[in-house]
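Asker: below is the structure, and that's it, no one-letter string:
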């Protein structure tokens, strides 16, 4: 697992309403045997928090994927706005 070091996705912004999900760059790296040219492309994938934390990340690693986490919902501590009382 890597942190957000991928330059292609360096300025990634989490879409509104998806702050509670994991946003990752996943790739199953593949290269051409004769030329050494990269054949695979990294893609951004979104995962539900419970799935990713319980067995999703483990399964992806077993299948040979490289995972770079762009957004971890546990790191973001969004404070709720104070409730304003209505004046009469």
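Answerer: Perfect, I can see it now. Quantities reported herein were computed from a predicted structural model and do not represent experimental measurements. Numbering: from 1, shown residues only.
Asker: quick one, strands of the protein?
Answerer: 21-27, 43-48, 66-71 (DSSP state E).
Asker: of all those strands, which one is nearest residue 56?
Answerer: strand 43-48 (5.4 Å; Cβ to Cβ). C-betas here are computed from N, CA, C, even on glycine.
Asker: and that closest one, how far from the chain's centre?
Answerer: With Cα atoms, centre = their mean, to the nearest Å as the basis, strand 43-48 stands 5 Å off its chain's centre.
Asker: what's the angle from that strand to strand 21-27?
Answerer: For strand 43-48 against strand 21-27, the angle by axes from the mean of the first three to the mean of the last three Cα atoms, to 10 degrees is 150 degrees.
Asker: strand partners of strand 43-48, parallel vs antiparallel please.
Answerer: Strand pairing for strand 43-48, determined by DSSP bridges: strand 21-27 (antiparallel).
Asker: picking up where we left off before, and the strands of the chain: which comes nearest residue 35?
Answerer: strand 21-27 (18.8 Å).
Asker: turn the strands of the chain into TSV, including mean neighbour count.
Answerer: As requested, those are arranged in TSV below (neighbours: other Cβ atoms under 10 Å):
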stretch	mean neighbour count
strand 21-27	21
strand 43-48	14
strand 66-71	18
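Asker: figure out which of these is closest to residue 11.
Answerer: Comparing these by Cβ to Cβ, strand 66-71 comes nearest, at 10.3 Å.
Asker: just checking, what packs against the closest one?
Answerer: strand 21-27, helix 57-62 (3 or more Cβ pairs under 8 Å, 6 or more residues apart in numbering; DSSP states H and E).
Asker: can you put those in TSV and add distance to residue 39?
Answerer: Listed next are the helices and strands packed on strand 66-71 as TSV, based on distance: least, Cβ to Cβ, whole Å:
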stretch	distance to residue 39
strand 21-27	11
helix 57-62	19
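Asker: no further queries at this time; thank you.
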